[in-house]
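the following comprises the amino acid sequence and a computationally predicted model.
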Amino acid sequence: MKTEKEITQQVEEALNSIDSLQQLEANNFLFGKIQNRLHLKKQQQQREIKTMAKLSATLVIFIGLNLTSYYFLANSTPQPTPQQKTTAAQALATEYQLTTNTYNY
């Protein structure tokens, strides 16, 4: 176990070592680099906001068109289906039962 004198001596050495430190100098272009990065982040955020706004507008238009088409389909009166005109080939196939997939041998 260390004595109090040894502990005090180590503390003094640590404090004296701080006195001999030199002041650090910043890079001349550091401020410009920091500002450039902040500016780039702002531009990226603006691009993301614009993209999200465009996607939101597209989604609103898509939902609006779907709701409009649903409204018109739900409120339209069903039209009677006109009878289909049969061609001669269809009449012949029906007459000779050629429309079925079964074979009678």
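Looks like it arrived, so ask away.

tell me which stretches of the chain form helices.
Ranges of helices within the chain are 4-19, 30-75, 88-95, based on DSSP state H.

turn these into TSV, including mean pLDDT and mean neighbour count.
(Each C-beta comes from the backbone N, C-alpha and C, glycine too.) TSV is the format used below for the helices of the chain (pLDDT from 0 to 100; neighbours: other CB atoms under 10 Å):
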stretch	mean pLDDT	mean neighbour count
helix 4-19	86	9
helix 30-75	94	10
helix 88-95	82	10
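
let me have the ones you listed in CSV, extended by distance to residue 101.
Output for those, formatted as CSV (distance: least, CB to CB, whole Å):
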stretch, distance to residue 101
helix 4-19, 98
helix 30-75, 35
helix 88-95, 13
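
spatially central, which residue of the protein would that be?
With distances taken as CA atoms, centre = their mean, the residue of the chain nearest its centroid is residue 52 (8.1 Å).

got a pLDDT number for residue 104?
Note on residue 104: pLDDT of 62.

same check, this time on residue 85
pLDDT, residue 85: 72.

same check, this time on residue 81
For residue 81, the predicted pLDDT is 69.

so that it lines up with my notes, have the first residue be 396 from now on.
In the new count, where the first residue is 396, that last one comes out as residue 476.

what's the spacing between residue 447 and residue 480?
In this view, residue 447 and residue 480 are 54 Å apart by CB to CB, to the nearest Å.

I misspoke; the intended subject was residue 472.
Distance from residue 472 to residue 480, by CB to CB: 24 Å.

one more: residue 443?
59 Å.

also residue 491?
20 Å.

go on, residue 436?
From residue 436 to residue 480 the distance is 69 Å (CB to CB).

again, but for residue 398
According to CB to CB, residue 398 stands 117 Å off from residue 480.

swap in residue 414?
For residue 414 relative to residue 480 (CB to CB), the value is 108 Å.

residue 408 now?
Here residue 408 is placed at a distance of 110 Å from residue 480 (CB to CB).

same thing with residue 428?
80 Å.
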